[in-house]
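Novice: this is a predicted model, with the sequence first.
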Amino acid sequence: MFETLKSLAAQVNDRRIEDLFSDADRAEQFSTRFDGMLFDYSKTQIDADIRAALLDLAKEVPERRDAMFAGSAINETEGRAVLHTALRNLSGTPIEVDGKDVMPEVLHTLSRMEELAQELRGSDITDVVNIGIGGSDLGPAMAVRALAPYHDGPKCHFVSNVDGADLTDTLKVCDPKHTLFIVASKTFTTIETMTNARSARDWLVAHGVAQAGRFVALSSNLAGAAEFGIPEDRVFGFEDWVGGRYSVWGPIGLSLMIAIGPENFRAFLSGAAEMDAHFQQAPLAQNMPVMLALVGLWHHQVQGHPTRAVLPYDNRMARLPAYFQQLEMESNGKSVTMEGADVVETVGPVVWGEPGTNGQHAFYQLIHQGRDIVPCEFMLAAQGHEPDLSHHHALLVANCLAQSEALMRGRTLEEARAKLADKFDGDELERQASHRVFPGNRPSTTLIYPKLTPEMLGRIIALYEHRVFVEGVILGINSFDQWGVELGKELTTALGPMVNGEVDAAGKDGSTRQLLGFVHGAQA
Ligand code: F6P
């Protein structure tokens with residue numbers, strides 16, 4: 001599928017990216033804009049021929065995209081529609097699944113969430129603890145942190161790990177008389193979440209606080225929530241066409257709505273809806289999610305760079321790389337096509353990252369001088385939220401721009417020598433200079449936007465969601481299932497009684513038996 005592109009890559013791999021800027025229009029030509037946002041991919045090897053070949057791959061995207069927005073069952077391995085976009089369709093335009101318009105229910109649930117978020121503002125609840133994991137944690141946890149300047153509700157905490165340390169450390173700062181728990185689980189069976197929810201209930205009981213009114217459930221499993229003892233009016237349901245990692249827009253986003261208020265939450269949804277409209281309407285070459293996907297495919301599938309770094313220059317976006325990790329790696333980390341055949345190409349890249357500037361003082365060494373090339377995706381707001389500290393923001397901007405420039409330009413041996421000539425000479429000059437060479441020619445993209453508002457965050461997340469979708473369509477895989485998480489879950493269930501010493505581990509491999517033996521020995 002990528003043959004043409006691979007032969008184009010072979011022709012350009014030795015060329016210097018910075019030389020491409022001899023074309024005075026390059027920056028503009030190799031960028032897409034959408035209503036105040038700019039995605040600049042000009043610091044890559046992509047030229048007009050390469051872009052044309054990449055766009056050729058995307059021919060099937062519009063049909064598949066329209067099928068997704070229309071509610072067709074494009075999640076074929078689970079026989080489900082993929083309609084997280086309906087959760088942000090504030091206009092209420094009908095969207096049908098199996099002949100039924102889903103919008104009245106979506107909007108009704110949204111207004112029930114708003115009532116609760118408002119009710120909490122005037123109540124004695126000071127702390128809200130969201131108990132969930134994966135998509136039932138990462139989205140709201142990331143967004144609550146990202147939108148800190150908009151907080152005006154109770155303090156939100158997030159407990160995800162089954163490690164008792166997570167719940168313990170969180171509850172230490174909460175007062176049982178003033179704490180509300182949100183049990184966020186699409187299935188309401190996830191072992192980590194259910195274990196944490198039960199322990200939270202025990203904590204209330206231990207402090208003499210009645211459970212009534214202290215639990216809210218966000219789930220597709222209404223029976224499971226009822227069985228846990230959560231009354232119907234405190235349960236916010238959603239349908240199976242909302243995938244876990246795409247669920248922040250609906251009930252799973254309740255903690256975010258509580259933190260920033262219903263109006264800001266609606267702005268967050270509107271931002272995503274604006275990106276949806278752009279994705280549906282913009283021609284492919286000017287379509288931001290499409291171009292973001294194609295740049296990713298160019299770097300991973302064509303050029304063979306195994307990982308991708310997401311580097312938001314925004315301290316409040318600290319959880320964004322983890323959120324994108326699930327979005328990309330759980331969606332596209334597959335080896336089988338929709339039809340069940342082996343995928344010939346490599347599929348999902350490893351996604352990782354940290355906010356800048358912190359990463360610069362940690363792992364950028366490898367990005368600049370290591371052997372593996374890591375395409376970097378910088379993200380930056382032109383304006384911060386701290387007008388009194390605008391000099392900090394100026395430095396943040398300078399750092400971000402400096403990094404993409406440094407990655408592209410590098411530093412030659414001659415330049416390194418010249419910098420050191422007044423300190424060293426002879427062999428020592430050669431030795432010292434060799435350590436200060438930067439190969440450069442390392443690709444990066446920059447997504448820049450005016451300010452990180454709720455609306456902008458909504459747009460950014462929707463942009464990345466659609467990027468993952470486009471990649472999946474081109475690779476012919478199903479981005480909406482996650483069978484790869486199941487085996488570990490099954491083995492955990494079997495191992496539990498062995499860890500507790502109730503069942504003999506004789507059937508296990510030698511390593512697992514040794515590790516269990518160590519645990520039992522240490523616990524004795
Ligand atoms: O195990 C993976 C997964 O199913 C994710 O896809 C999901 O986001 C997470 O677990 C949590 O699932 P649930 O919301 O059903 O508890």
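Specialist: Noted; the coordinates are in hand. Numbers count the residues shown, from 1 in each chain.

Novice: gap between the host helix or strand of residue 64 and the chain center?
Specialist: Residue 64 is part of helix 61-69 when elements are defined by DSSP states H and E. Using Cα atoms, centre = their mean, to the nearest Å, we find the averaged C-alpha position of helix 61-69 to lie 22 Å away from the chain's own average C-alpha position.

Novice: now it: buried residues?
Specialist: For helix 61-69, burial by neighbour count (16 or more other Cβ atoms under 10 Å) applies to 61, 62, 65, 68, 69. All C-beta atoms are positioned from the backbone trio N, CA, C, and that covers glycine.

Novice: let me know the pLDDT of the second one.
Specialist: Per-residue confidence for residue 62 comes out at a pLDDT of 98.

Novice: now do the domain split for the chain, please.
Specialist: For the chain, the domain assignment from automatic domain parsing gives the residue ranges 83-266, 485-523.

Novice: minimum distance to the ligand: which of the ones you listed has it?
Specialist: Across those, the ligand has its closest neighbour in domain 83-266 (2.6 Å, Cβ to the nearest ligand atom).

Novice: what helix or strand is residue 218 on?
Specialist: strand 215-219.

Novice: what packs against that strand?
Specialist: Taking 3 or more Cβ pairs under 8 Å, 6 or more residues apart in numbering; DSSP states H and E as the contact definition, the neighbouring helices and strands of strand 215-219 are strand 179-184, helix 222-228, strand 235-237.

Novice: can you lay out the ones you listed as TSV showing mean neighbour count?
Specialist: Converted to TSV, the helices and strands packed on strand 215-219 look like this (neighbours: other Cβ atoms under 10 Å):
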stretch	mean neighbour count
strand 179-184	27
helix 222-228	16
strand 235-237	20
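
Novice: as TSV, these with mean pLDDT and distance to the ligand would be great.
Specialist: Rendered in TSV, the data for those read as follows (pLDDT from 0 to 100; distance: least, Cβ to the nearest ligand atom, whole Å):
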stretch	mean pLDDT	distance to the ligand
strand 179-184	98	7
helix 222-228	97	10
strand 235-237	98	13
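
Novice: nearest to residue 204 among the ones you listed would be which one?
Specialist: Between residue 204 and the helices and strands packed on strand 215-219, the tightest spacing by Cβ to Cβ is seen for strand 179-184, at 7.9 Å.

Novice: now the helix or strand following that closest one: average pLDDT?
Specialist: In the C-terminal direction, the helix or strand that comes right after strand 179-184 (DSSP H and E) is helix 191-206. Per-residue pLDDT values across helix 191-206 average out to 98.

Novice: following the helix or strand harbouring residue 297, which helix or strand comes up?
Specialist: When secondary structure is defined using DSSP H and E, the element that contains residue 297 is helix 288-297. Scanning forward in sequence from helix 288-297, with DSSP H and E defining helices and strands, the next element found is strand 307-313.

Novice: the ligand contacts on this structure?
Specialist: Of all the residues in the chain, those in contact range of the ligand (Cβ under 6 Å from any ligand atom) are 133-136, 185-187, 190, 193, 244-245, 330, 482, 485.

Novice: would you write a PyMOL line that selects the buried entries of these?
Specialist: Of the residues of the chain next to the ligand, the buried ones go into a single PyMOL selection, burial set by 16+ other Cβ under 10 Å:
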select buried, resi 133+134+135+136+185+186+190+193+244+245+330+482
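
Novice: and which of the residues of the chain next to the ligand is nearest residue 461?
Specialist: Within the set of these, residue 245 lies nearest residue 461; the separation is 10.6 Å, counting by Cβ to Cβ.

Novice: what does the strand holding residue 218 contact?
Specialist: When contacts are taken as Cβ atoms under 8 Å, 6 or more residues apart in numbering, the neighbours of strand 215-219 outside the stretch itself are 116, 132, 136, 180-188, 197, 201, 225, 228-230, 234-238, 251-252, 254.

Novice: please redo it, this time with the cut-off set to 7 Å
Specialist: By Cβ atoms under 7 Å, 6 or more residues apart in numbering, the surrounding residues in contact with strand 215-219 are 180-186, 188, 225, 228, 230, 234-237, 251-252, 254.

Novice: partner strands of it and their direction?
Specialist: Strand 215-219 pairs in its sheet with strand 179-184 (parallel), strand 235-237 (parallel), by DSSP bridges.

Novice: can I get those strands in CSV including distance to residue 12?
Specialist: CSV is the format used below for those (distance: least, Cβ to Cβ, whole Å):
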stretch, distance to residue 12
strand 179-184, 47
strand 235-237, 52
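
Novice: among those strands, which comes closest to residue 355?
Specialist: Between residue 355 and the strands paired with strand 215-219, the tightest spacing by Cβ to Cβ is seen for strand 179-184, at 24.9 Å.

Novice: measure residue 214 to residue 479 for me?
Specialist: Distance, residue 214 to residue 479, using Cβ to Cβ, to the nearest Å: 37 Å.

Novice: more neighbours, these two?
Specialist: Set residue 214 next to residue 479 and count neighbours by other Cβ atoms under 10 Å: residue 479 wins out with 28 against 19.

Novice: what values do phi and psi take at the residue of the chain most remote from its centre?
Specialist: Here the chain reaches farthest from its C-alpha mean at residue 426, the gap being 50.5 Å by Cα atoms, centre = their mean. With angles defined as degrees, to the nearest 10, residue 426 shows backbone torsions of phi 60, psi -140.

Novice: export stretch 66-78 as PDB, just CAs?
Specialist: C-alpha atoms of stretch 66-78 as PDB (Å, rounded to 0.1, in the frame of the first residue of the first chain):
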ATOM      1  CA  ASP A  66     -19.900   9.700   6.400                       C
ATOM      2  CA  ALA A  67     -20.900   6.200   7.500                       C
ATOM      3  CA  MET A  68     -19.600   6.900  11.000                       C
ATOM      4  CA  PHE A  69     -21.500  10.200  11.300                       C
ATOM      5  CA  ALA A  70     -24.600   8.600  10.000                       C
ATOM      6  CA  GLY A  71     -24.700   5.900  12.600                       C
ATOM      7  CA  SER A  72     -23.800   2.900  10.500                       C
ATOM      8  CA  ALA A  73     -22.300  -0.100  12.400                       C
ATOM      9  CA  ILE A  74     -18.700   0.600  11.400                       C
ATOM     10  CA  ASN A  75     -17.400  -1.100  14.500                       C
ATOM     11  CA  GLU A  76     -17.900  -4.400  12.600                       C
ATOM     12  CA  THR A  77     -16.200  -6.800  15.100                       C
ATOM     13  CA  GLU A  78     -18.600  -5.700  17.800                       C
END
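
Novice: what's that stretch in contact with?
Specialist: Taking Cβ under 7 Å, 6+ apart as the criterion, the residues outside stretch 66-78 that touch it are 64, 79-83, 85, 95-97, 280, 338, 469, 478, 480-481.
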